[in-house]
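> A predicted structure for the sequence below; I have some questions about it.
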Amino acid sequence: MEKRERKRLAILDVLSAGERPLGSARITDILVARGMEISDRTVRLYLQELDRRGLTENLGRRGRRITAAGMREADEARVLEHIGFLSGKIDTMAYRADFDPSTYTGNVVLNLSLVRPADITREHRRLIGRVFAKGYAMGKMMALFEPGETFGTTVIPEEMIGIGTVCSITLNGVLLRHGVPTVSRFGGLLELRNSHPTRFVEIISYDGTSIDPLEVFIRSGMADYIGAVTTGNGRIGASFREFPAESIETVHAVAARLEETGLGSLLCLGHPGQPIFGVPVGPQRAGAVIIGGLNPMSIFEETGLRIHSRALSGLCNFRRLFHYSEFRAQLDSL
């Protein structure tokens, strides 16, 4: 019975993420890609049951659409299932990322934001470019995904595009391949005064949340990137990591190499046992502050445009990324 319920909830989760009607074959493909053993016939039977319960709606050839009741069911199940899930997902994605900065090959971790191209104004592009130029993003690289394309578990809805920004967990993955384990402690808002970081004003521990902290801060309007890039006074997303004290030289070398590839994100690295912005660190560990990868997407929210963003959305080959200065040209080519 528990196994059946997991499959029903997995189908609802797919429909809630897709943001458009999906047929049983497409749902099956996504679930199989997630590692679930399930057939198209079984998915059709579950969908009929979900229709009867009022959790999905049959739109004929267009497929199934999740109802408001179905969304509530999926959200409730997701929260209960994912308590403490984020810290585990961070470790999993870091392990799966295989980018090699010495050869510019392999996969990096991306965040994904969904937006309508018609809503992206010249001012949005200008301010997003300034976030990158100021070094308040994870490197200088981006990716775009077309309508109907699947990235991770998300199908890009019609009339929308997916904007991929490099997730800072990519650094964890590269360090892991150099023998350096990383402890991701929390995500927070770092206050800037005259373009200098001063202190964390808000933090959320990765062990105590099912949602990425930067998603929360950006969506709630607590971040201030426009202030950061225009006056030098604002609040930007950053995370706090810890490494073994003996790995400091390796961390410095890896961070410098990532900077050369356009994936730099290390704001500061402390000495063993040294607190950073008031955050204490153990004597055998060194702390570091890493810039948040979702930061550029806050510009949309701060200018009144609601978008859907999800951190740690999936893995993307590095060769698909482009420099942020090409954003407009890449948009025009879609």
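Received, thanks.

> so where do the helices sit in the stretch 101-250 of the chain?
122-133, 169-176, 213-219, 225-230, 248-260 (DSSP state H, counting those that start in this stretch).

> name the SS class of Met297, please.
Secondary structure, DSSP: H, G, I helix; E, B strand; the rest coil: Met297 is helix.

> any idea how far the nearest residue to it once chain neighbours are set aside is from Leu214?
Excluding its sequence neighbours, the residue lying closest to Met297 (C-beta to C-beta, 6 or more residues apart in numbering) is Ser113, at 4.6 Å. From N, CA and C alone the C-beta is placed, and that goes for glycine too. Look at Ser113 and Leu214: by C-beta to C-beta, to the nearest Å, they are 12 Å apart.

> shared neighbours of the two, anything?
Taking C-beta atoms under 8 Å, 6 or more residues apart in numbering as the criterion, Ser113 and Leu214 both touch Leu294.

> show me which of the two is the more surrounded one.
Remark: of Ser113 and Leu214, Leu214 carries more neighbours, 28 against 24, as counted by other C-beta atoms under 10 Å.

> and Arg44, which of the helices of the stretch 101-250 of the chain is closest to it?
Distance to Arg44, taken as C-beta to C-beta, is lowest for helix 213-219 among the helices of the stretch 101-250 of the chain, at 33.5 Å.

> pLDDT of that closest one, averaged?
What helix 213-219 shows for mean pLDDT is 90.

> how about residues contacting it?
Contact with helix 213-219 is made by 186-189, 202-204, 206, 209, 223, 235, 237, 239, 292-295, 297-298, 301, 309-311, as judged by C-beta under 8 Å, 6+ apart.

> surely Leu175 meets Thr250?
Yes - contact criterion C-beta atoms under 8 Å: Leu175 and Thr250 qualify, at 7.5 Å.

> most remote residue from the chain's center?
Relative to the mean C-alpha coordinate of the chain, counting by C-alpha atoms, centre = their mean, the farthest residue is Arg52 (34.6 Å).

> give the contact list for that residue.
Arg52 touches nothing, counting by C-beta under 8 Å, 6+ apart.

> relative to Arg130, how far out is it?
According to C-beta to C-beta, Arg52 and Arg130 sit 52 Å apart.

> low pLDDT regions in the stretch 1-150 of the chain?
Along the stretch 1-150 of the chain, the parts satisfying pLDDT under 70 run over 1-3, 18-19, 76-85.

> how distant is stretch 190-202 from the center of its chain?
The chain centroid and the centroid of stretch 190-202 are separated by 22 Å, computed with C-alpha atoms, centre = their mean, to the nearest Å.

> endpoints of that stretch, how far apart?
Across stretch 190-202, the terminal residues are separated by 8 Å (C-alpha to C-alpha, to the nearest Å).

> average pLDDT for it, rounded please.
In this model, stretch 190-202 has an average pLDDT of 95.

> what lies in contact with it?
Residues from elsewhere that reach stretch 190-202 (C-beta under 8 Å, 6+ apart): 134, 188-189, 217, 222, 227-228, 232-238, 240, 267-268, 277-279, 289.

> and for stretch 146-157?
For stretch 146-157, contacts defined as C-beta under 8 Å, 6+ apart pick out 13-14, 17-20, 22, 26, 30, 33-34, 110, 112, 114, 145, 158-162, 164, 310, 313-316, 334.

> could you redo the last one with a cut-off of 7 Å?
Outside stretch 146-157, the residues that touch it by C-beta atoms under 7 Å, 6 or more residues apart in numbering are 17-20, 30, 34, 112, 114, 145, 158-162, 313-314, 334.

> all strands of the stretch 1-150 of the chain, in order?
Per DSSP state E, counting those that start in this stretch, the stretch 1-150 of the chain carries strands over the ranges 56-58, 64-66, 107-115, 141-145, 150-151.

> format those as TSV; extra columns: distance to Arg257.
TSV is the format used below for the strands of the stretch 1-150 of the chain (distance: least, C-beta to C-beta, whole Å):
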stretch	distance to Arg257
strand 56-58	48
strand 64-66	44
strand 107-115	13
strand 141-145	14
strand 150-151	26
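
> and among the ones you listed, the most buried is which?
Of those, the one with the most neighbours on average (mean count of other C-beta atoms under 10 Å) is strand 107-115, at a mean of 25.

> please save the CA atoms from it in PDB.
Coordinates of the C-alpha atoms in strand 107-115 are reproduced here as PDB (Å, rounded to 0.1, in the frame of the first residue of the first chain):
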ATOM      1  CA  ASN A 107      28.700  18.400 -15.900                       C
ATOM      2  CA  VAL A 108      28.000  21.300 -13.500                       C
ATOM      3  CA  VAL A 109      25.000  21.700 -11.200                       C
ATOM      4  CA  LEU A 110      22.400  24.300 -12.400                       C
ATOM      5  CA  ASN A 111      19.500  26.200 -10.800                       C
ATOM      6  CA  LEU A 112      16.500  26.700 -13.100                       C
ATOM      7  CA  SER A 113      14.200  29.700 -13.400                       C
ATOM      8  CA  LEU A 114      11.100  29.700 -15.600                       C
ATOM      9  CA  VAL A 115      10.100  33.000 -17.300                       C
END
